[in-house]
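> Dropping a prediction and its sequence here:
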Amino acid sequence: MKNVGKLFAAGSNERVFRLKARRDAGTDTPVWQAPQFMTCKKCERRATRQVWAKSLYVCPNCGYYHPIGGYYRLSMVLDHGTFRELDPDVEANDRLNFPGYPEKLEAAQRKTGLKEAVVTATGKIAGVPVVVAVLDSRFFMGSMGTAVGEKITRAVEFATAKHLPLIIFSASGGARMQEGIFSLMQMAKTSAAIQRFSQKGGLYISYLTHPTTGGVTASFASLGDITLAEPGALIGFAGPRVIEQTIGEKLPKGFQRSEYLLEHGFVDAVVPRSEMRKTLAQILQLHTEGGKRN
Amino acid sequence: MIKETLQQIDAIDAEIEALHNAVAQQEDGDILPDDAFNPAPDSVSENEAKITELTNRRAALVEGCADLTAEDRVFLARHPKRPRIDEYIDALFTDFFEQRGDRQCREDEAILGGIARYKGVPVTVIGHRKGSTLEENLRFNFGMPGPEGYRKALRLMKQAEKFHRPIITFIDTPGAYPGKEAEERGQGEAIARNLAEMSALTVPVISVVTGEGSSGGALGLGVANHILMLENAVYSVLSPEGFASILWKDSSRSGEACEMMKLTAQDLYQGGIVEEIIPEPLGGAQADHQKLFACLDTALEKHLVQLCRMSPRALAEQRYKKFRQIGR
Ligand SMILES: [Zn+2]
């Protein structure tokens, strides 16, 4: 009986996950019922979400990479039926009593169906057990407050304890202003956790997606053993507008984009979304051979 | 507003000095020029009465500096006459030997670092360097380091670990420099690397926030076992101007931001981030450098003695836990 109960729980867990992934992808309602259209942010091509999902939200017309939700991305990389969410209930704390912050959090939660800007989980990729975290730019620009810092740190500590490889998909505007100094300190907290994980021999793949900036770039996102980036993603510490204001000149085309970082030595590879799972599997398998515990 | 108060105090100081000079000259029996607009006071005692009155007024003004707003503290934290890193080194350490360069491509003068003795014990000292004159400000890029600065700092810290030296860092920066080359050379990576490596150091690390500590550019030298903060120093996720421009697209509302950001030493102490607040002379550290150095010296020695008793492992563990519990 116990086993049956477990199986059932696992099954419902997977169903909920798939539902959330479809909602993230905008394909949770049948197209004939309520067709949801989306326009390309760059070339203004218009198509239904179902069509967009087929091309993984990469514009077939102009090649623009649209940001995608956390569960949707996880459904693209994890083996079917292996997803287990970690710490789903960690929520932000309004430590500064910041005017309007609780209301804004609530609105973001309602809009995205997320509790915070990161989803952490365990699962398998091509049969290799992993810990994965995905930042979601739809929730407060994916900014890191105490909840994001705490969830990332817990995921890293879990990976350290279980000797599992770690993958973090970053997408963030940086530290969350509304939690002030406590947000800043999450940079130290997450980086310290990564350092311990690394000292124990753990493999960390940092996957940079659009946009990865500020305090996230200046902490865990830049500490990968392997660093991958999605094409055309904005990746940097200071925002391009701030830099232009400071130096008083226009920045060159493609500045702070994935390809630019590749050229300057800060990324191992720029990987198309369609190759994401395959590339991760290859790297993971290269680290599991030879009797290594990873 | 502290800014106006300090201006008034400065004006009174100038007046008192002028009166003192007049008294001295009169006592010397010098003849004062007959000035129609500023008639010479006819007696020494009249001048002395004026001096007493001004001194009382000055004291009352200074007294009023006890109650400061967050915006006042931001003003004091950025005061051009606030002590700078080289003055701290001169006052608290001996035998300072400066180390330069990141061994990769350049020397970044926005960070000053080297070996020195503290009470006879060799330590590594690192800190943001703003400079005191406009010429120096420009040369040191107003204390805004590029990645090379952070990499130099890390080089010095790893060396300190190798030779079992405690590390003391001084934090005073408007932030890491948002420049084109800084980005191309990996500003984010350099700061991230410092955070990770500092967290695992096996020697004591003490950070002193002396002026403005803004954003990752401050934290890049700040992953310490104990953090001390001067009474009027501020430490925040971003400068109040940057904060206001992000939240309201209006950097002129920075005064409002100061109060909301909870960036004062008292706020950080209550938040469990800072271990001790170093008292400043009334009206700010710029009023009396020596008095501040004495207070800081006492605190620094106390914390260093405490940390030096710990094993290398315990030091790394304590530092990990310190940051681990923030925002748990
Ligand atoms: Zn397009």
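That came through fine.
> alpha carbons only for contacts and neighbour counts from here, please
OK.
> could you pull out the strands for the stretch 51-200 of chain B?
B:94-98, B:111-118, B:121-128, B:167-173 (DSSP state E, counting those that start in this stretch).
> so which of those is the most packed in?
strand B:167-173 (a mean of 28; mean count of other C-alpha atoms under 10 Å in any protein chain shown).
> give me the low-pLDDT residue ranges for the chain?
No chain specified, so I'll use chain A. A:1-10, A:289-294 (pLDDT under 70).
> Please refer instead to chain B.
B:29-43.
> Up against chain A, what does it have?
B:178-180, B:183-193, B:195-197, B:199-200, B:215-216, B:219, B:223, B:235-238, B:243, B:247, B:260-263, B:320, B:323-324, B:326-328 (C-alpha under 8 Å from any C-alpha of the partner chain).
> What about these, which are in helices?
B:180, B:183-184, B:187-193, B:195-197, B:199, B:215-216, B:219, B:243, B:247, B:260-261, B:320, B:323-324 (DSSP state H).
> Chain B: helices as residue ranges?
B:2-27, B:44-64, B:70-77, B:85-92, B:134-139, B:147-162, B:180-184, B:187-199, B:215-219, B:240-248, B:254-261, B:265-270, B:289-308, B:312-324.
> can those helices go into TSV with extra columns for mean neighbour count?
Listed next are the helices of chain B as TSV, based on neighbours: other C-alpha atoms under 10 Å in any protein chain shown:
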stretch	mean neighbour count
helix B:2-27	15
helix B:44-64	15
helix B:70-77	22
helix B:85-92	17
helix B:134-139	14
helix B:147-162	23
helix B:180-184	19
helix B:187-199	27
helix B:215-219	28
helix B:240-248	18
helix B:254-261	19
helix B:265-270	18
helix B:289-308	16
helix B:312-324	19
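> In the stretch 51-200 of chain A, which residue sits closest to the ion?
Per C-alpha to the ion, the residue of the stretch 51-200 of chain A with the smallest distance to the ion is A:Cys62, at 4.1 Å.
> from memory that residue sits against A:Cys43, does it?
Yes: assessed by C-alpha atoms under 8 Å, A:Cys62 is found in contact with A:Cys43 at 6.4 Å.
> phi, psi of the nearest residue to A:Ala238 once chain neighbours are set aside?
Excluding its sequence neighbours, the residue lying closest to A:Ala238 (C-alpha to C-alpha, 6 or more residues apart in numbering or on different chains) is B:Pro178, at 5.5 Å. Torsion angles at B:Pro178 (phi, psi; degrees, to the nearest 10) stand at phi -90, psi 70.
> How about the contacts made by B:Pro178?
Taking C-alpha atoms under 8 Å, 6 or more residues apart in numbering or on different chains, we find B:Pro178 in contact with A:Phe237, A:Ala238, A:Val242, A:Ile243, A:Thr246.
> and the lengthiest strand in chain A, which strands flank it?
Using DSSP state E, we find that the single longest strand of chain A is strand A:204-213. Strand A:204-213 has its sheet partners listed here by DSSP bridges as strand A:166-172 (parallel), strand A:226-229 (parallel), strand A:235-236 (parallel).
> just to revisit the earlier point, which secondary structure state does the residue of the stretch 51-200 of chain A closest to the ion sit in?
With DSSP: H, G, I helix; E, B strand; the rest coil as the basis, A:Cys62 sits in coil.
> Next one: the closest residue to the ion within the stretch 1-150 of chain B from B:Ile167, what distance?
Closest residue of the stretch 1-150 of chain B to the ion, C-alpha to the ion: B:Pro147 (35.5 Å). Using C-alpha to C-alpha, to the nearest Å, one obtains 20 Å as the distance from B:Pro147 to B:Ile167.
> Residues touching stretch B:79-88, excluding its own?
By C-alpha under 8 Å, 6+ apart, stretch B:79-88 touches B:76, B:112, B:127-132, B:170, B:211, B:285-286, B:289, B:293.
> now with 6 Å?
Residues from elsewhere that reach stretch B:79-88, judged by C-alpha atoms under 6 Å, 6 or more residues apart in numbering or on different chains: B:Ala285, B:Gln286.
> end to end, how far does it reach?
16 Å.
> Leaving out chain neighbours, which residue sits closest to A:Glu14?
A:Gly81 is the one closest to A:Glu14 (C-alpha to C-alpha, 6+ apart), at 5.7 Å.
> Can you classify the one you found as helix, strand or coil?
Per three-state DSSP, A:Gly81 ends up coil.
> That one - how many residues pack around it?
A:Gly81 has 16 neighbouring residues, counting by other C-alpha atoms under 10 Å in any protein chain shown.
> same check, this time on the one 3 residues further on
Here the count is done by other C-alpha under 10 Å, and A:Arg84 has 17 residues near it.
> show me what contacts it?
A:Ala121, A:Thr122.
> quick revisit: save the strands of the stretch 51-200 of chain B as JSON lines, and put in distance to A:Leu261 too.
Formatted as JSON lines, those follow (distance: least, C-alpha to C-alpha, whole Å):
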{"stretch": "strand B:94-98", "distance to A:Leu261": "33"}
{"stretch": "strand B:111-118", "distance to A:Leu261": "25"}
{"stretch": "strand B:121-128", "distance to A:Leu261": "27"}
{"stretch": "strand B:167-173", "distance to A:Leu261": "27"}
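> Strands along chain A, start to end?
With DSSP E, the ranges of strands along chain A come out as A:37-39, A:46-48, A:84-86, A:118-125, A:128-135, A:166-172, A:204-213, A:226-229, A:235-236, A:269-270.
> Please tabulate the ones you listed in a markdown table, including the columns distance to B:Ile51.
Output for these, formatted as a markdown table (distance: least, C-alpha to C-alpha, whole Å):
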| stretch | distance to B:Ile51 |
| --- | --- |
| strand A:37-39 | 76 |
| strand A:46-48 | 80 |
| strand A:84-86 | 71 |
| strand A:118-125 | 65 |
| strand A:128-135 | 65 |
| strand A:166-172 | 60 |
| strand A:204-213 | 58 |
| strand A:226-229 | 69 |
| strand A:235-236 | 58 |
| strand A:269-270 | 73 |
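> buried stuff in stretch A:189-206?
Buried residues in stretch A:189-206, counted by 16 or more other C-alpha atoms under 10 Å in any protein chain shown: A:189-198, A:201-206.
> for the closest residue to B:Ile115 other than its chain neighbours, which residues make a bridge with it?
The spatially closest residue to B:Ile115, leaving aside those adjacent along the chain, is B:Thr124, at 4.6 Å (C-alpha to C-alpha, 6+ apart). For B:Thr124, the beta-bridge partners under DSSP bridges are B:Ile115, B:Ile167.
> so B:Thr124 makes contact with B:Gly113?
No: with contacts counted by C-alpha atoms under 6 Å, B:Thr124 stays clear of B:Gly113, the gap being 7.4 Å.
> so what's the residue lying closest to A:Ala269 once chain neighbours are set aside up against?
Nearest non-adjacent residue to A:Ala269, counting by C-alpha to C-alpha, 6+ apart: A:Leu228, 5.2 Å away. The contact partners of A:Leu228, taken as C-alpha under 6 Å, 6+ apart, are A:Tyr207, A:Val267, A:Asp268, A:Ala269, A:Val270.
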